[in-house]
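# need coordinates for the below:
(one chain, ligands or ions: 1)
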Amino acid sequence: MIKSIYNNILEGNSAGVTSGIEQALESGQDAGVILNQGMIAAMEEVGQRYENGEYFVPEMLIAARAMQAGLSILKPHLADDGIKPVGKAIIGTVKGDLHDIGKNLVGMMLEGNGFEVIDLGVDVGPEQFVEAARENTPCIVGLSALLTTTMPGMQNTIDQLGEAGLDSDIRVMVGGAPVTQKFADEIGADGYALDASSAVSKAKVLINSLNN
Ligand code: B1M
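Model prediction:
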């Protein structure tokens with residue numbers, strides 16, 4: 001079943017992905033296993049095929065659509081109900097970058113763990129992050145980047161948040177495939193997370209450092 005979800009994402013077959021996920025959930029399969037072994041693994045293979053010249057942008061795009069369709073089915077199963085709000089998190093993909101699957105997943109997991117999530121979308125400039133942060137302090141500001149060329153936008157955003165005098169009311173968390181702890185330290189981010197579940201634990205630590 002997991003293999004069929006994986007293959008349907010590779011083929012960009014949204015209907016196959018959603019029905020595969022529904023069947024897997026009905027048969028008691030764990031949502032985390034479906035996500036990691038079926039869906040995220042397939043997106044990694046898509047990236048590999050793109051690098052090898054077997055896939056081009058259109059194939060990446062239809063795979064991404066199938067992934068998003070699957071995520072919308074999986075969302076209620078990733079979110080735990082009845083958790084009281086732990087704090088606010090503003091999230092967005094930085095300027096020039098249109099990749100949003102990972103950012104959306106981080107948002108879903110944060111929501112599922114009691115955060116109020118304000119999603120600014122993709123291609124978000126530093127000034128938009130600053131404006132949203134001003135209106136929502138205290139909060140986590142989560143920056144996502146998937147392109148090496150857009151990573152410097154994280155530095156710009158952190159600099160502008162600092163210039164706006166928001167340092168003591170916010171904590172900045174960064175993530176995305178090319179982002180590392182080393183890079184996060186270099187640009188003065190408060191936290192880095194490798195994936196969506198570690199983003200939740202990191203966000204909890206960061207929000208506690210603001211509340212205390
Ligand atoms: Co693009 N793309 N893409 N792409 N794409 C990559 C990123 C690439 C690595 C592919 C490759 O060459 N192997 C490559 C980047 C190379 C580089 O910079 N070094 C690349 C390229 C080159 C491009 C274009 C330039 C291609 C072109 O046009 N010539 C172009 C750029 C467009 C732009 O942004 N301006 C482009 C376009 C696209 C599509 C639009 C077709 C599509 C995106 C659709 C969408 O997002 N709605 C797309 C896709 C799908 C990919 C790959 C195949 C998959 C990305 C993905 O969704 N992964 C990707 C290859 C790859 O990553 N293997 C690739 C699944 C997702 C769950 O993982 O996003 O890593 P990820 O998120 C993870 C973690 O990183 C982390 O948690 C998430 C969940 O575990 N995380 C955070 C993410 N954000 C976080 C924030 C946090 C914390 C953790 O705190 C705030």
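# could you use CA atoms for every contact and neighbour count after this?
Noted.
# the closest residue to Gly38 other than its chain neighbours: neighbour count?
Leaving aside its sequence neighbours, Gly38 sits nearest to Tyr6 (Cα to Cα, 6 or more residues apart in numbering; 4.6 Å). By the criterion of other Cα atoms under 10 Å, Tyr6 has 25 neighbours.
# surely Tyr6 and Ile34 touch.
No: look at Tyr6 against Ile34 with Cα atoms under 8 Å: they stay out of range, at 9.0 Å.
# circling back: wait, what's in contact with the residue nearest to Gly38?
Counting by Cα atoms under 8 Å, 6 or more residues apart in numbering, Tyr6 touches 17, 37-39, 41-42.
# pull out the buried residues from the residues you listed.
Neighbour-count burial (16 or more other Cα atoms under 10 Å) applied to the contacts of Tyr6 gives 17, 38-39, 42.
# near the ligand, list only the ones from those.
Residues of these in contact with the ligand (Cα under 6 Å from any ligand atom): none.
# okay if I get the residues you listed as TSV plus pLDDT, secondary structure and distance to Leu71?
What follows is the buried ones among the contacts of Tyr6, written out as TSV (pLDDT from 0 to 100; DSSP: H, G, I helix; E, B strand; the rest coil; distance: Cα to Cα, whole Å):
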residue	pLDDT	secondary structure	distance to Leu71
Val17	96	helix	10
Gly38	94	helix	11
Met39	92	helix	9
Ala42	92	helix	13
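# which of those residues lies closest to Lys202?
The closest of those to Lys202 turns out to be Met39 (Cα to Cα; 23.2 Å).
# so that closest one touches Ile9, yeah?
Yes: the pair Met39 / Ile9 is scored as a contact, 7.0 Å apart, by Cα under 8 Å.
# what do the two both touch?
Between them, Met39 and Ile9 share these contacting residues under Cα under 8 Å, 6+ apart: Met67.
# thinking again about what came up before, reformat the contacts of Tyr6 as TSV; add distance to Asn211.
Formatted as TSV, these follow (distance: Cα to Cα, whole Å):
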residue	distance to Asn211
Val17	41
Gln37	36
Gly38	37
Met39	35
Ala41	37
Ala42	39
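# just the closest of those to Asp169, please.
Nearest to Asp169 among those, with distances taken as Cα to Cα, is Met39, at 35.9 Å.
# if anything else comes up later, I'll come back, but that's it for now.
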